[in-house]
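In: Predicted model and sequence below, questions to follow.
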Amino acid sequence: MTPSPHPTAPAISLIGAPTDVGAGARGASMGPEALRVAGLQPALESHGLTVVDRGNLNGPANPWQPPDAGYRHLAEVVAWNQHVFDAVYAELQQGHLPILMGGDHCLGLGSISAVARHCLDVGKTLRVLWLDAHADFNTSALTPSGNVHGMPVACLCGFGPAELTQLAGMPGGRPALTPGQIRQIGIRSVDAGEKRFVHEQGLEVFDMRYIDEMGMRATMQQALAGVDDNTHLHVSFDVDFLDPEIAPGVGTLVPGGPTYREAQLCMEMIADSGRLASLDIVEVNPALDVRNRTAVLAVDLVESLFGKSTLMRRSP
């Protein structure tokens, strides 16, 4: 039986951004198609949601060059993120819920800049949940690689080249985000200089030690504290957030991530908040995967973000 459309949920727009221009390994450019093959659209539609696939954005090819003045492929990264900004912002203006299918995590710059601009337009408070093994708070002075997928949070907070820090076009040239708007969850791989910078800026980080000690339930209660009816909740889901035992198809494997059940609880508690309004799914790398296992798992977890629940008992 075909489910009836959800009466209150916004239409979902899938936006593919097939590039690995900000990454240190090739293959994330195939992520959008891997998510399609894993059945993202029909999975969401099975919950009565209206889903439209907008296809893939077009941007410059990955030139695969060494860093230039501290950044790899800066012009191409800027071009891709401008395309992402335009696409995500257009969907938000229409009242849709955009899901960005990456691609590498540098694309979170364009996506979250668009969300920040939209929140300014409509008077919403923005909360970003950054699910990742990495803090992504590097700058060109802190990392020799120059890979911008390690820098998007820093750029969103105003630390980086103007072409990236000013994407949102915020009044007075202020950055898209302040550190107080971000909650980072699952972090377990941070460079020494980056760690000092994270502490200096006061980011709220729920690293794996915190999750081990306090549990995922308490972690998510803290991460979602203060979210209310006027909050736009954006989730930026890097699949390397997950333990590589269950999600091997990523460019940067970091052992010790959340288990399947921990990740499911994380997603279910976000869904319970009722405030999810935009989503990134990034760093799926089918070139490094086993039979598309990581994309299939990502789709399963995204279903939980949109209401699939293991809850069998009656709600209190």
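Out: That came through, no problem.

In: so residue 16 makes contact with residue 59?
Out: No. Look at residue 16 against residue 59 with CB atoms under 8 Å: they stay out of range, at 11.0 Å. Every residue, glycine included, has its C-beta placed from N, CA and C.

In: how many neighbours does residue 23 have?
Out: 28 (other CB atoms under 10 Å).

In: Strands along the chain, start to end?
Out: With DSSP state E as the criterion, the chain has strands at 12-17, 51-56, 97-102, 125-131, 182-187, 204-207, 231-238, 276-282.

In: ok, residue 129 - contacts?
Out: Residues near residue 129 by CB atoms under 8 Å, 6 or more residues apart in numbering: 183, 185, 223, 233, 234, 235, 236, 270.

In: Tell me the bridge partners for the fifth one.
Out: Same thing as residue 234. Under the criterion DSSP bridges, residue 234 forms beta bridges with residue 128, residue 278.

In: From residue 149, how far out is it?
Out: Note on residue 234: its distance to residue 149, by CB to CB, to the nearest Å, is 18 Å.

In: which stretches of this structure have low pLDDT?
Out: Within the chain, the stretches with pLDDT under 70 are 1-7, 311-316.

In: Flag every buried residue along the lengthiest helix in it.
Out: Longest helix of the chain, by residue count under DSSP state H: helix 74-93. Within helix 74-93, the residues that count as buried by 16 or more other CB atoms under 10 Å are 74, 76-85, 87-89, 91-92.

In: Strand 51-56 and that one, what's the angle between them?
Out: Helix 74-93 and strand 51-56 are oriented at 160 degrees to each other (axes from the mean of the first three to the mean of the last three CA atoms, to 10 degrees).

In: and helix 74-93 with strand 97-102, angle?
Out: On the basis of the same axes, to 10 degrees, helix 74-93 is oriented at 160 degrees to strand 97-102.

In: how far out from the middle of the chain is helix 74-93?
Out: Offset of helix 74-93 from its chain centre (CA atoms, centre = their mean, to the nearest Å): 14 Å.

In: how far off strand 231-238 does that helix point, in degrees?
Out: Following the same axes, to 10 degrees, one obtains 140 degrees for the angle between helix 74-93 and strand 231-238.

In: for helix 74-93, packing partners?
Out: Where contact means 3 or more CB pairs under 8 Å, 6 or more residues apart in numbering; DSSP states H and E, helix 74-93 is packed against strand 12-17, strand 97-102, helix 108-122, helix 162-165.

In: Output it as CSV, nothing but the C-alphas.
Out: Taking Å, rounded to 0.1, in the frame of the first residue of the first chain, the C-alpha atoms of helix 74-93 are listed here in CSV:
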residue,chain,number,x,y,z
LEU,A,74,40.5,27.3,-4.1
ALA,A,75,38.9,28.6,-7.3
GLU,A,76,37.1,25.3,-7.9
VAL,A,77,36.1,25.0,-4.3
VAL,A,78,34.6,28.5,-4.4
ALA,A,79,32.7,27.7,-7.7
TRP,A,80,31.2,24.5,-6.3
ASN,A,81,30.2,26.2,-3.1
GLN,A,82,28.5,29.1,-4.9
HIS,A,83,26.5,26.6,-6.9
VAL,A,84,25.5,24.8,-3.7
PHE,A,85,24.6,28.0,-2.0
ASP,A,86,22.4,29.1,-4.9
ALA,A,87,20.6,25.7,-5.1
VAL,A,88,20.0,25.2,-1.3
TYR,A,89,18.9,28.9,-0.9
ALA,A,90,16.4,28.5,-3.7
GLU,A,91,14.9,25.4,-2.1
LEU,A,92,14.6,27.1,1.3
GLN,A,93,12.9,30.1,-0.3
